[in-house]
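Visitor: sequence first, then the predicted structure:
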Amino acid sequence: MSIVAGVDFGTLSVRVSMFDSKRGRLGSATADYPLQRTPDDPDHGTQNHADHLSALERAMRDALKAGGVRGDAVAAIALDTTGSSIVPVGENLEPLGDYYLWCDHRAWREAAEITKAAHESGIEAIEWCGGTYSSEWGFAKLLHWLRHNEGLRARFVTALEHCDMVAATLCGITDSASLPRSICAMGHKWMWGAKWNGLPAEEFLRRVDPLLAGVRAKIAGRYATSAERAGTLSAGWASRLGLRAGIPVPTGALDAHWDAIGAGIRLGDVVNVIGTSTCIMAISDTERLIPGLCGIVPGSIHPKYAGIEAGLSAVGDIFEAIARRAGTTVAALSEGLDRYRAGQTGLLRIAWDNGDRTVLVNPALGGVTLGWKLTHTAQDELFAAIEGTAFHTRVILERMEEYGTPIRRVINGGGIPQRNEVLNCVYASVLNKPVLVPAGDVTSVGSAIFAFLAAGDFATVEEAQDALCPPYRTVHPDPEQAAVYEQVFALFRDVYYSLGQKNGRAATLGTILPRLREMAEGRSAS
């Protein structure tokens, strides 16, 4: 029997949880850190490495106290983070600036240039990340930094994903050649792939911009799944965290991917980690290209399977924006939403407010709402937005199934499904599938599972999941609501593909508003 520390770095705070291999979660604590935004640039979003580490120290001490755990009893520590959140570093991994956080979109021009060059060069990697490189991903952010930090370029040694930087720091690794590199982060965000010999070729990177010359060789290290160790906890950091030196630290990963493990993902499952955005994940025993998806990477979620990632660029952020414009809160607007029925509002909401991550992969799109009347309220829009995110999720699941990924179970993970039962009910009826909701919080469960594997308490991910993952409660589709949503989804799908692509397929759009009104009035669409 062991005790481990599971660490989850989120957008605004770090959470540390103590887990016992038999008793589960013993206690948790969180500590905040600032997110730097600038009023004149909405694409800017950065954080400081020292702030992350200071918060980790505070949260670790508080979590040990909350769990009644002695620091020398902790057998391993595992860490996941947001991504792509990257930091350029110099000698001894000294940060040369702040992290470009995952939600920093300043590199949208660089992303477009990478996409254009990739298609002109015919590199295979671009097809495996949806056909479009994102401003949220590593190479785009690094190129933006190189272009805007001329005085620091000579000191640049390498760049790291947050999960790899934290692991290297805690293990006392300062040599860039021996860095741990997460296959999860590098595969989904940097076009890394074993089948094309790692990162994109030097020739391609030079074609994008001569500033990237030599960068491929600098992004060196030990590429590994989370089943392999990054190293062991250094004496210095053991002292700062109140833990024992020499305990194993597995290679890190992106937070949503480990949340999928914590939610109990198995073959045939899709896990929707629903928060500010949604990360939609599955695992497969075959490596098969699925057009429009963010990445298919062997070993990225589960070490023994291909990880499949898709998602929505904004979900909770949309709900918050609706409430903010109305001068209220999502919680207040949500009161009474359970009385709404399918299609009642007469609104059709396309959730492109932060672009389309999957399957159109177009960050330039904006939110669309059809069917407005003078009498509509902010609560009507919130319900339509919930429906719209569910419809978009169905588009993604249909794309997965079309290309050979069977979906037997849908699991709604993340924070929002724990707080918003209306969302779970709408998703079940829109998808016309039972939706499983973990009965407890899964944050840090995935990191605990990989910590236990590193400590040797469990032989497989599945054995650890059986011991640690919370049970589910099942939300079943309502047959009447599902029948209405079949009709609304047909309208949604037409608008989604017709309006969302420059050369979109033809659709008869003139019938949409009358049909929305018919359904709002409770009449069958004609």
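Guide: Structure's in. What do you need? All of these numbers come straight from a predicted model, not from anything done at the bench.
Visitor: using CSV, list the CA coordinates for stretch 4-16.
Guide: Listed next in CSV are the C-alpha coordinates belonging to stretch 4-16 (Å, rounded to 0.1, in the frame of the first residue of the first chain):
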residue,chain,number,x,y,z
VAL,A,4,1.3,9.3,-3.9
ALA,A,5,0.8,12.9,-4.9
GLY,A,6,-1.2,13.7,-8.0
VAL,A,7,-0.7,17.2,-9.4
ASP,A,8,-2.8,19.0,-11.9
PHE,A,9,-1.8,22.4,-13.2
GLY,A,10,-4.8,24.2,-14.6
THR,A,11,-5.2,27.6,-16.3
LEU,A,12,-5.5,29.6,-13.1
SER,A,13,-4.4,27.2,-10.3
VAL,A,14,-2.6,24.1,-9.4
ARG,A,15,-4.3,21.3,-7.5
VAL,A,16,-2.4,18.7,-5.4
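Visitor: low-confidence bits of the protein, can you list those?
Guide: Along the chain, the model assigns pLDDT under 70 to residues 524-526.
Visitor: if we go to 50?
Guide: 525-526 (pLDDT under 50).
Visitor: how near is Ser13 to Arg58?
Guide: Ser13 is 10 Å from Arg58, where distance means C-beta to C-beta, to the nearest Å. (Each C-beta comes from the backbone N, C-alpha and C, glycine too.)
Visitor: okay, and the common contacts of the two?
Guide: Residues touching both Ser13 and Arg58 by C-beta atoms under 8 Å, 6 or more residues apart in numbering: Ala31.
Visitor: longest helix in this structure, by number of residues?
Guide: Among all segments of the chain classified by DSSP state H, the helix with the greatest residue count is helix 378-402.
Visitor: hmm, back to that, who's more crowded, Ser13 and Arg58?
Guide: Between Ser13 and Arg58, counted using other C-beta atoms under 10 Å, the more crowded position is Arg58 (17 against 13).
Visitor: check which helix or strand covers that one.
Guide: Using DSSP states H and E, Arg58 maps to helix 49-67.
Visitor: what packs against that helix?
Guide: For helix 49-67, the packing partners by 3 or more C-beta pairs under 8 Å, 6 or more residues apart in numbering; DSSP states H and E come out as strand 3-9, strand 13-20, strand 24-32, helix 162-171, helix 235-241.
Visitor: adding distance to Asn354, write those out as CSV.
Guide: As requested, those are exported to CSV (distance: least, C-beta to C-beta, whole Å):
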stretch, distance to Asn354
strand 3-9, 21
strand 13-20, 21
strand 24-32, 23
helix 162-171, 20
helix 235-241, 35
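Visitor: out of those, nearest to Asn362?
Guide: Evaluated over the helices and strands packed on helix 49-67, closeness to Asn362 peaks at helix 162-171, with 26.2 Å, by C-beta to C-beta.
Visitor: how many neighbours does Thr286 have?
Guide: Other residues close to Thr286 by other C-beta under 10 Å number 10.
Visitor: please name the nearest non-neighbouring residue to it.
Guide: Nearest residue to Thr286 in three dimensions, chain neighbours excluded: Ala306, at 6.8 Å (C-beta to C-beta, 6 or more residues apart in numbering).
Visitor: residues contacting the one you found?
Guide: Ala306 touches Ile283, Ser284, Asp285, Thr286, Glu287, Arg288, Ile296, Val297, Pro298, Gly299, Ser300, counting by C-beta under 8 Å, 6+ apart.
Visitor: how many neighbouring residues does the fifth one have?
Guide: If I follow you right, that is Glu287. With other C-beta under 10 Å as criterion, Glu287 counts 15.
Visitor: now it: how far from Gly446?
Guide: 22 Å.
Visitor: show me the strands in the stretch 151-300 of the chain, by range?
Guide: 158-161, 180-182, 222-224, 229-232, 248-250, 253-254, 269-274, 278-284, 295-298 (DSSP state E, counting those that start in this stretch).
Visitor: give me the residues contacting the fourth one.
Guide: Around strand 229-232, the neighbours that count as contacts under C-beta under 8 Å, 6+ apart are 164, 167-168, 170-173, 180, 224, 245-252, 454.
Visitor: measure the residue nearest to His119 when sequence neighbours are not counted to Met191 for me?
Guide: Distances taken as C-beta to C-beta, 6+ apart put Ile126 closest to His119, at 6.4 Å, once the chain neighbours are dropped. According to C-beta to C-beta, Ile126 and Met191 sit 7 Å apart.
Visitor: thinking again about what came up before, beta partners of the residue nearest to Thr286?
Guide: In this entry, Ala306 is beta-bridged to Ser284, Pro298, by DSSP bridges.
Visitor: that one and Leu333, how far apart?
Guide: Distance from Ala306 to Leu333, by C-beta to C-beta: 40 Å.
Visitor: check Pro298 too.
Guide: Distance from Pro298 to Leu333, counting by C-beta to C-beta: 42 Å.
Visitor: what's the answer for Thr508, then?
Guide: Distance from Thr508 to Leu333, by C-beta to C-beta: 34 Å.
Visitor: report how many residues lie close to Val16.
Guide: Neighbour tally, Val16, other C-beta under 10 Å: 31.
Visitor: change the start of the numbering to 227 and stick with it
Guide: Okay, using 227 as the starting number, the last item reads as Val242.
Visitor: in contact with it, which residues?
Guide: Per C-beta under 8 Å, 6+ apart, neighbours of Val242: 231-234, 254-256, 282, 285-286, 288-289, 670.
Visitor: and if we set it to 7 Å?
Guide: Counting by C-beta atoms under 7 Å, 6 or more residues apart in numbering, Val242 touches Ala231, Val233, Ser254, Ala255, Ala285, Met286, Ala289.
Visitor: by neighbour count, which of these wins?
Guide: That'd be Ala231 among the contacts of Val242, by other C-beta under 10 Å, with 29 neighbours.
Visitor: can you report how many residues lie near the closest residue to Leu623 other than its chain neighbours?
Guide: Excluding its sequence neighbours, the residue lying closest to Leu623 (C-beta to C-beta, 6+ apart) is Ile633, at 5.7 Å. The local packing of Ile633 (other C-beta under 10 Å) involves 15 other residues.
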